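>>> Quick check, what structure comes out for this input:
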Amino acid sequence: MRLSTLKSRTTLALASAFVLTTLMTPQSALAEIVVPVEQVIGQLSQSTDVPILLPTELPVDFREVYLEAQSNTEGYNVSFYPNPACRAGACYYGGIEAKRGGQLSENPFTLRAPRDLGSIQESFETVALADGTQAQFINQCGAYCTARLEWQSQDVLYQVTVKNGRRDDLVAIANSAMAAGDRTSDDACSNALASAQQRLEEGRTLTIGIRQNDISNQYPDHPEGRTSQYMFVLSGRPTLTILNSPQFMRSISSEIIENCDSVGIVSFIQWNSDGPAMFGIMPSGQVEGFHCLERNRRSQVRPQWGQEVCI
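Predicted coordinates:
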């Protein structure tokens, strides 16, 4: 069976257990952040036959989330990380997995009682999702605690896993995924993003994250309807080679802009650094690189379309 892997550094098996290694965060410290599902929709749509459920938001205590996915015809696994440059257990937040024909887990506490560990308790209980679907919540502790929420739909087992996670947070993630519905898409934009990632990763040991943001305030003179930017955040030795290849980046940018009607800019940046390489569609209809503002003008003039403030 062919296995399609979004990140070339990772070779985890589809059935692997995924866990979080951060400590439990009080509810008051958590905020809802948007999940950039466009990072993986194209890949998953091309490689799996099960309905794709992904949350729109995550209750977390960090500012951004990066996705890593692997899939085959029988299911998929999408992992969430706060850092695109780290895929170690210490950086793992959690994930959502789907497996056709998968069965709900048995109660792990049939031979021993669940333990009360003070701030967190082991448990096995049935919960109802927002649409009435029955799910089961399991929290088991060893050196750390792993919380898992699982349910079945259309002969597919779905599991949300978070280490040291709260039941209410896992239910919120599941409800968000269910509310969004099947994200399977043959959308040209999603396919273009998937193609871009494959081109960037081909023959390279590279980690990639994608950010999407609105550029209408930064560039009021943007082309009509082109109010979005996709930024590829790169980590790994080949990063500088890519950033020193303007024709390669322009080719990728052109494919994305051609297939994504709302995208005006595609940019590339090394993780944890400033000064992305930016490419945008010009009045001529061609995609070109943005030019740096002159040093003595940076503090006085807002960049116009086709210009960027270089650091």
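
>>> Low-confidence regions, the stretch 51-200 of the chain specifically.
Within the stretch 51-200 of the chain, the ranges that satisfy pLDDT under 70 run 186.

>>> What ranges does it have for its strands?
Residue ranges of the strands in the stretch 51-200 of the chain, as given by DSSP state E, counting those that start in this stretch, are 57-60, 66-72, 75-81, 94-100, 123-128, 134-141, 145-153, 156-163.

>>> go on, the stretch 201-311 of the chain?
With DSSP E, counting those that start in this stretch as the criterion, the stretch 201-311 of the chain has strands at 207-214, 228-235, 263-270, 277-281, 287-289, 291-292, 307-308.

>>> Now tabulate those strands in TSV and tack on mean pLDDT, distance to Leu129 and mean neighbour count.
C-beta here means a position set from N, CA and C on the backbone, and glycine is covered the same way. Formatted as TSV, the strands of the stretch 201-311 of the chain follow (pLDDT from 0 to 100; distance: least, C-beta to C-beta, whole Å; neighbours: other C-beta atoms under 10 Å):
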stretch	mean pLDDT	distance to Leu129	mean neighbour count
strand 207-214	85	28	18
strand 228-235	92	32	22
strand 263-270	96	34	23
strand 277-281	96	42	24
strand 287-289	96	44	18
strand 291-292	90	51	14
strand 307-308	91	45	19
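
>>> Let me have those in CSV, adding distance to Glu64 as columns.
Listed next are the strands of the stretch 201-311 of the chain as CSV, based on distance: least, C-beta to C-beta, whole Å:
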stretch, distance to Glu64
strand 207-214, 7
strand 228-235, 9
strand 263-270, 13
strand 277-281, 19
strand 287-289, 25
strand 291-292, 26
strand 307-308, 21
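
>>> Excluding chain neighbours, give the residue nearest to the residue nearest the centre of the chain in space.
Ranked by distance to the mean C-alpha position of the chain (C-alpha atoms, centre = their mean), the top residue is Leu67 at 2.7 Å. Nearest non-adjacent residue to Leu67, counting by C-beta to C-beta, 6 or more residues apart in numbering: Gln39, 4.5 Å away.

>>> residues in contact with that neighbour?
Shown in contact with Gln39 (C-beta atoms under 8 Å, 6 or more residues apart in numbering): Leu6, Tyr66, Leu67, Ala69, Leu193, Gln197, Gly209, Ile210.

>>> Next, give me the two most distant ones among those residues.
Pairwise distances across the contacts of Gln39 (C-beta to C-beta) peak at 14.0 Å, for the pair Tyr66 and Leu193.

>>> Need the overlap of contacts for those two.
What both Tyr66 and Leu193 touch, as defined by C-beta under 8 Å, 6+ apart, is the set Gln39, Ile210.

>>> Quickly list what Val263 is bridged to.
Beta-bridge pairing for Val263 (DSSP bridges): Ser228.

>>> what's near enough to touch it?
Contacts for Val263 (C-beta under 8 Å, 6+ apart) come out as Cys189, Arg226, Ser228, Gln229, Tyr230, Ile256, Ile257.

>>> From Ser185, how far out is it?
16 Å (C-beta to C-beta, to the nearest Å).

>>> Which among the strands of the stretch 51-200 of the chain is found nearest to Ala179?
strand 57-60 (10.0 Å).

>>> What's the local residue count around Asn191?
Using other C-beta atoms under 10 Å, Asn191 is surrounded by 18 other residues.

>>> Oh, that last question was meant for Val78, not what I typed.
Val78 has 26 nearby residues by other C-beta under 10 Å.

>>> From Phe124, how far out is Ser216?
With distances taken as C-beta to C-beta, Ser216 is found 49 Å from Phe124.

>>> From the chain's centroid, how far away is stretch 94-111?
Averaging C-alpha positions (C-alpha atoms, centre = their mean, to the nearest Å) puts stretch 94-111 23 Å from its chain's average.

>>> What residues of it count as buried?
By neighbour count on 16 or more other C-beta atoms under 10 Å, the buried set for stretch 94-111 is Gly94, Gly95, Ile96, Glu97, Ala98, Lys99, Arg100, Gly102.
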